[in-house]
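1. no sequence on hand, only this structure:
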């Protein structure tokens, strides 16, 4: 599949040119056009991504546990594919290769539904992948792409009960909510991350400033970026003035509580709604808190159970935080930006699950499987 | 909790007498009255069930995997409770103790909603358990019981989004369907088992007859009982006449395909709908099939992905069957009746999941947990 993409990059780039032209005519923003654009280098990046997925250990067939019962039954729990995975995604055509690779590597069939902006690129990429897969021995129709932008096709996919084992939306919050509201098949909840960093009274303040700066500024548009900074009142004066200046210089809009504004006058007042907002933008809410308990309560009230961090030198505070905070990924002395399949060493991912059932956090090939119990006997009956 | 139940069995039996009296007045069947009835021995059984649950290894805190990344981050995936589990159940008051024990052992809080027939028994049992739990150090309100039979309370539980992490219906198909249709919180799908036993052409026919008889007759009313027997045509004549006589003597109504009826004239004709029916009663559908492939196709078409068995002496048939049949529990040369938490050595269970996501097959304390990723660093930021 990787080789076919590279070998046929001319066809991919030609199809992509049609999407870019249509996008310009539709007046897409420069950012969206850039996300849509494919180059020879980006096609090679897609191929490289597939090679990395191919190199991951195969999860299917792994024996999770097993035992022999007193009656002689041999019982094994074995990892098996989920079945048919549906993926509804937006904009970036590289998702086509990425998602197809992850689903096929985990033994699943996949039905892809891309955004209308990338329909030409996605169609060509999917055809190349499906053909290459079949040539490589995959069952026919293992990789399917819906070659129409008709909205009824997307709705049919969302309601194909008994045919879709898991539907994964990849894209903005609007897409995810639309899928969750309309789908009757099982959907992977990968809602946004209203992530926090709490700077404890015992924190190394240089470390705290670097982590808090990185968590907000390195890539504000992604779900693992920090949205609210919580600072213990004992260190607020030592930390906030210089850190806020650093944010300001980086173009971050700051919205703070009264105590924050007392220390840093150029911070604008935060509204109640700011604590609950995933900005996905260079905007940061800041709140001075009296204690770790207060910080944990704030996170429990406003967080989305995605990624939460504490910066501390105190052993008990670190232990309490990671045990009591209810989220997919809990950090001590590190940036929440590490919540990512690659960074965790799991390989590529189809998203970050914010649900508690089945998969929590990065969803890679292992999370695209289920298990089956195989029982081997020699005539056992139940008395 | 076990000791408190035994110490206060007088109060439990007094409350139960009220339920039994009300049941008699409502005209409940003898079977239902027997399921409702508590005796000193049954209370001791409930206590013994709790002691067994207490003796299971604690799943919470188990490190599922862990590694140190090249950047020095220590990453661990740790098992944690789901949070708050709701359980809606019918009739048998022992479920109150059983479900409370499983939820508490796995670190969860539980909100129980029992059937109206057992309201007096359940209320007393739940109060005893909640008080004993608190005296034993559980947080207040860890065990809650809805002490009203008002239907709006059940609906409120089904729609308590953000408060219930998993809702488990325990009872008949009617209850399960009602919960799945009305709930907006995550529900564990534990639908019925339309289970099959396929007797291969190579089967040891004595073993096949014993397994097929046990799978149907040992307890026809449960979800792991066989509902359709599939027999390879090469062994139908040698197997079916004597086996069908055995079923007939045990009071099983037999509904067969034409080939079955040619061999065993007293079998009545099976309708298409019989293949799709979970009888949960002493009724069995029988079909003679030309091949393993045909049997697998039949199971794929009519099965409910619960428990499926093959009886065979052929290695390749056994391997193909367990790999290709899509179900929670696949058996070779054993009765499907073993699909059960105790029989699998997992301890008590809250049900048999027929969904593929999160948990598949028996749902015990491990399946009542999720995981959290804990990341410990010393100042790492993402570049």
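-> Now that the structure is in, tell me what you want to look at. Since the structure is predicted, the reported quantities are computational estimates derived from the model, not experimental observations. Numbering: from 1, shown residues only, chains lettered A, B, ... in the order given.

2. residue of the stretch 201-350 of chain A nearest chain B, please.
-> Nearest to chain B, among the residues of the stretch 201-350 of chain A, is residue A:334, at 3.1 Å (Cβ to the nearest Cβ). Bear in mind the C-beta positions are built from the backbone N, C-alpha and C, glycine included.

3. for that residue, give me phi and psi.
-> phi -160, psi 160 (degrees, to the nearest 10).

4. let me see the contact set for it.
-> When contacts are counted by Cβ atoms under 8 Å, 6 or more residues apart in numbering or on different chains, residue A:334 is found next to A:211, A:309, B:73, B:375, B:376, B:377, B:378, B:379, B:380, B:381.

5. can you report how many residues neighbour residue A:137?
-> 7 (other Cβ atoms under 10 Å in any protein chain shown).

6. before we move on, the earlier item: can you turn the buried part of the contacts of residue A:334 into a ChimeraX selection?
-> Buried residues within the contacts of residue A:334, by 16 or more other Cβ atoms under 10 Å in any protein chain shown, are selected in ChimeraX with:
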select /A:211,309 /B:73,375,376,377,379,380,381
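
7. among the contacts of residue A:334, which are in helices?
-> Judged by DSSP state H, the contacts of residue A:334 include residue A:211 as members of helices.

8. tell me what the helix or strand where residue A:237 lies is packed against?
-> Assigned by DSSP states H and E, residue A:237 belongs to helix A:233-249. With contacts taken as 3 or more Cβ pairs under 8 Å, 6 or more residues apart in numbering or on different chains; DSSP states H and E, helix A:233-249 sits against helix A:205-217, strand A:253-256, helix A:258-263, strand A:283-289.

9. mind putting the ones you listed in CSV, mean pLDDT and distance to residue B:117 included?
-> Shown next, in CSV, are the helices and strands packed on helix A:233-249 (pLDDT from 0 to 100; distance: least, Cβ to Cβ, whole Å):
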stretch, mean pLDDT, distance to residue B:117
helix A:205-217, 98, 55
strand A:253-256, 98, 56
helix A:258-263, 98, 57
strand A:283-289, 98, 50
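
10. for residue B:284, which of these is the nearest?
-> helix A:205-217 (62.4 Å; Cβ to Cβ).

11. per-residue pLDDT, the residue of the stretch 201-350 of chain A closest to chain B?
-> Residue A:334 is assigned a predicted lDDT (pLDDT) of 98.

12. what bridges to it?
-> Per DSSP bridges, the residues bridged to residue A:334 are residue B:380.

13. any idea how far residue A:88 is from chain B?
-> For residue A:88, the distance to chain B equals 18 Å [Cβ to the nearest Cβ, to the nearest Å].

14. show me which residues of the helix holding residue A:237 are buried.
-> Buried residues in helix A:233-249, counting neighbours by 16+ other Cβ under 10 Å, are found at A:235, A:236, A:239, A:240, A:243, A:244, A:247.

15. same question, stretch A:110-126
-> Quick answer for stretch A:110-126 (16+ other Cβ under 10 Å): A:110-115, A:117-126.

16. what's the closest of these to chain B?
-> residue A:110 (15.5 Å).

17. in which helix or strand would I find that closest one?
-> Counting by DSSP H and E, residue A:110 is found in strand A:109-113.

18. helices or strands up against that strand?
-> Short answer (3+ Cβ pairs under 8 Å, 6+ apart): strand A:109-113 packs on strand A:84-89, helix A:94-105, strand A:143-145, helix A:151-158.

19. can you redo these as a markdown table with mean neighbour count?
-> Shown next, in a markdown table, are the helices and strands packed on strand A:109-113 (neighbours: other Cβ atoms under 10 Å in any protein chain shown):
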| stretch | mean neighbour count |
| --- | --- |
| strand A:84-89 | 24 |
| helix A:94-105 | 24 |
| strand A:143-145 | 22 |
| helix A:151-158 | 15 |
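
20. can you check which of these gets nearest to residue B:338?
-> The closest approach between residue B:338 and any of these, judged by Cβ to Cβ, belongs to strand A:84-89 at 29.2 Å.

21. and the stretch 201-350 of chain A, which of its residues are near chain B?
-> Applying Cβ under 8 Å from any Cβ of the partner chain, we find that the stretch 201-350 of chain A lies next to chain B at A:204, A:207, A:210-211, A:213-215, A:218, A:318, A:322, A:326-335, A:337-339, A:343-345.

22. just the buried residues out of these, in ChimeraX syntax.
-> Buried members of these, defined by 16+ other Cβ under 10 Å, are picked up in ChimeraX with:
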select /A:204,207,210,211,213,214,215,218,318,322,326,327,328,329,330,331,332,333,334,335,337,338,339,343,344
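
23. quick one: the strands in the stretch 251-383 of chain A?
-> Here the stretch 251-383 of chain A has its strands, by DSSP state E, counting those that start in this stretch, at A:253-256, A:268-269, A:283-289, A:307-311, A:329-334, A:352-353, A:361-362, A:369-380.
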